[in-house]
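A.B. asks: Give the three-dimensional model of this entry:
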Amino acid sequence: MHIYIKNMVCNRCITAVKNELEKLNANIRSIDLGEVEIEEDLSPQELTELGITLKQLGFEIINDKKGRLIEQIKNEIVYVIHHSESILNTNLSFWLADKLHYDYTYLSNLFSEVEGTTIEKYFIAQRIEKVKELLVYDELSLSEIAEAMGYSSAAYLSSQFKKVTGFTPTYYKSVKENKRRKIDEL
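C.D. replies: Have a look, this model is predicted:
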């Protein structure tokens, strides 16, 4: 039995879902972002209980094909940006079409219709979230972050960062550092 779950974005999410399935004594074959495969079918009552529990944790079972596809798009983007060691060296549209085995135009139209934004904007937002994380870690220069995230230059990264957040990377980093100092002073 495959169960598709919305809002799984990290390893802690996988652990939380796994714990809930173990409470139901489900034998898990595999568990990835957005998808769980268990050996036997859950009863309708168990599936309902699981749905209620997962909703309390911020997740949601996806029952329709379009919803599953949207979640797959999101999970692939989140994985490649936040959990993969390699940057995307190809066009996003080609990569997603190849990964999900659908025409990109169909994926793009479906995503925009359901999410109210484009795949590209979602991709950019995820990249900027990762950039924020790297800025706060303060281990890489802006040029190194730009290179690691696949930007052509630090200037282009700065421009896109400001367009999305309203702040320059330098300003964002200084605000975060000041907040951290105040907490450390407690």
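A.B. asks: Where does the residue nearest the centre of the chain sit: helix, strand or coil?
C.D. replies: In the chain, the C-alpha nearest the mean C-alpha coordinate belongs to residue 78, at 3.1 Å (C-alpha atoms, centre = their mean). The assignment at residue 78 comes out as helix when based on DSSP: H, G, I helix; E, B strand; the rest coil.
A.B. asks: what about it, distance to residue 129?
C.D. replies: 9 Å (C-beta to C-beta, to the nearest Å). Heads up, the C-betas are built off the backbone N, CA and C, glycines and all.
A.B. asks: And the chain, split by domain according to the record?
C.D. replies: Recorded structural domains for the chain (assignment: automatic domain parsing) are 1-63, 64-186.
A.B. asks: Check the separation of the first and last residues in the first one.
C.D. replies: Spelled out, that is domain 1-63. Its first and final residues considered, domain 1-63 spans 13 Å by C-alpha to C-alpha, to the nearest Å.
A.B. asks: contacting residues for the nearest residue to residue 58 once chain neighbours are set aside?
C.D. replies: In space, not counting the residues next to it along the chain, residue 58 is nearest to residue 7; the distance is 5.7 Å by C-beta to C-beta, 6 or more residues apart in numbering. When contacts are counted by C-beta atoms under 8 Å, 6 or more residues apart in numbering, residue 7 is found next to 13, 58-60.
A.B. asks: Give me the phi and psi for residue 7.
C.D. replies: When quoted as degrees, to the nearest 10, the phi and psi of residue 7 stand at phi 80, psi 20.
A.B. asks: can you check residue 35 too?
C.D. replies: Reported as degrees, to the nearest 10, the phi and psi values for residue 35 are phi -150, psi 140.
A.B. asks: residue contacts, it?
C.D. replies: Contact criterion C-beta under 8 Å, 6+ apart gives 2-5, 75 as the residues in contact with residue 35.
A.B. asks: from the contacts of residue 7, which is closest to residue 138?
C.D. replies: residue 13 (26.4 Å; C-beta to C-beta).
A.B. asks: could the domains of the chain go into JSON lines alongside mean pLDDT?
C.D. replies: Formatted as JSON lines, those follow (pLDDT from 0 to 100):
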{"stretch": "domain 1-63", "mean pLDDT": "90"}
{"stretch": "domain 64-186", "mean pLDDT": "88"}
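A.B. asks: can you give me the helices for this protein?
C.D. replies: 11-23, 44-56, 65-78, 92-100, 104-115, 119-137, 142-148, 154-165, 169-184 (DSSP state H).
A.B. asks: Let me have the ones you listed in JSON lines, extended by distance to residue 30.
C.D. replies: Rendered in JSON lines, the data for the helices of the chain read as follows (distance: least, C-beta to C-beta, whole Å):
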{"stretch": "helix 11-23", "distance to residue 30": "10"}
{"stretch": "helix 44-56", "distance to residue 30": "17"}
{"stretch": "helix 65-78", "distance to residue 30": "14"}
{"stretch": "helix 92-100", "distance to residue 30": "17"}
{"stretch": "helix 104-115", "distance to residue 30": "24"}
{"stretch": "helix 119-137", "distance to residue 30": "24"}
{"stretch": "helix 142-148", "distance to residue 30": "29"}
{"stretch": "helix 154-165", "distance to residue 30": "34"}
{"stretch": "helix 169-184", "distance to residue 30": "37"}
